[in-house]
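A.B. asks: output the structure for:
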Amino acid sequence: MNEQEVYAQINQMVQFIHQEAREKAAEIKLKTDEEFNIEKLRMVEAEKQKIRAEYERKEKQVEVQKRIGQSNEVRVSRLQCLKARDEAIQSVLSEAAAKLPSIVNAPTYSKLLEDLMIEALIQLADQKVQVKGVAGQEAHVKKAIMAAEAKFKTWATKQMGAEWASEIKVDFDANSLKPGIGGVELVGFGGKITLTNTLQSRLLLAFETQLPKLRATLFK
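C.D. replies: Here you go, the predicted model:
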């Protein structure tokens, strides 16, 4: 093999090596590009997921704030409605209370005192009872005591027997006159039990018992 042939063979080998290197480089580049694209897509998708998650979080936060705002509006509106209803009911009570003095000035007041006493006497069912009246109404109270005691004795005779009824004594307590509009308080069992039958207490009792009907009438 002459020198020219050797040179040609070496040149052929060099070209083969270069060709192999180029193919290998191309293969490496192709693989690197694929890996780069895959990583790029992975990172882009990860960022998209983060953006979606952040958007959903903020969307939920806005929705929660909206619901809280709506709930607060409903609560405030409900409180205002309840307040308005309570004011309307209290206005009715105040209007009724303002009419109590007219009851005292009516001709039927003595009979009303008598009925209040009889009711309290029967509830107490005691033989020795003290009656407390409102200051300035001593005459009305004393008059009512006489009639109420007689009717109480009649009731007691039927319910407790004549002997028990004969011991009944209803006294006016002149030393315990109370401020107020009208009505009486009865004290029995040696001062241990007091029954209040004033006009104010009866109004409040009627108000409480009739409150459902009052609400139904006012807010139907």
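A.B. asks: from Arg202, how far out is Val131?
C.D. replies: Using CB to CB, to the nearest Å, one gets 16 Å for the distance from Val131 to Arg202. Every residue, glycine included, has its C-beta placed from N, CA and C.
A.B. asks: comparing those two, which residue is more hemmed in?
C.D. replies: Val131 (25 against 17; other CB atoms under 10 Å).
A.B. asks: partner residues bridging the nearest residue to Asp173 once chain neighbours are set aside?
C.D. replies: Once flanking residues are discounted, Asp173 sits nearest to Gln130: 4.5 Å by CB to CB, 6 or more residues apart in numbering. For Gln130, the beta-bridge assignment (DSSP bridges) gives partners Asp171, Val187.
A.B. asks: list the residues that contact Gln130.
C.D. replies: Neighbour list for Gln130: Asp171, Phe172, Asp173, Ser176, Leu186, Val187, Gly188, Gly191 [criterion: CB atoms under 8 Å, 6 or more residues apart in numbering].
A.B. asks: what of Glu27?
C.D. replies: Contacts of Glu27 by CB under 8 Å, 6+ apart: none found.
A.B. asks: helix or strand: which one has it?
C.D. replies: Here Glu27, judged by DSSP states H and E, is contained in helix 3-98.
A.B. asks: which SSE is immediately downstream of that helix?
C.D. replies: Note on helix 3-98: by DSSP H and E, the next helix or strand toward the C-terminus is helix 100-104.
A.B. asks: that next one - contacts with which helices or strands?
C.D. replies: With contacts taken as 3 or more CB pairs under 8 Å, 6 or more residues apart in numbering; DSSP states H and E, helix 100-104 sits against helix 199-209.
A.B. asks: and the next helix or strand past the helix it packs on?
C.D. replies: For helix 199-209, the succeeding helix or strand toward the C-terminus, using DSSP H and E, is helix 211-218.
A.B. asks: over to the closest residue to Lys128 other than its chain neighbours: give its phi and psi.
C.D. replies: In space, and not counting its chain neighbours, Lys128 is closest to Lys169: 5.5 Å by CB to CB, 6+ apart. When read as degrees, to the nearest 10, the backbone of Lys169 gives phi -150, psi 120.
A.B. asks: relative to Leu124, how far out is Lys169?
C.D. replies: For Lys169, the distance to Leu124 - CB to CB - is 13 Å.
A.B. asks: what does Glu167 give?
C.D. replies: 14 Å.
A.B. asks: what about these two, which has more around it?
C.D. replies: Neighbour count, other CB under 10 Å: between Glu167 and Leu124, Leu124 has more, with 18 against 11.
A.B. asks: relative to Leu82, how far out is the residue lying closest to that one once chain neighbours are set aside?
C.D. replies: Leaving aside its chain neighbours, Leu124 sits nearest to Gly188 (4.1 Å; criterion: CB to CB, 6+ apart). Going from Gly188 to Leu82 by CB to CB gives 41 Å.
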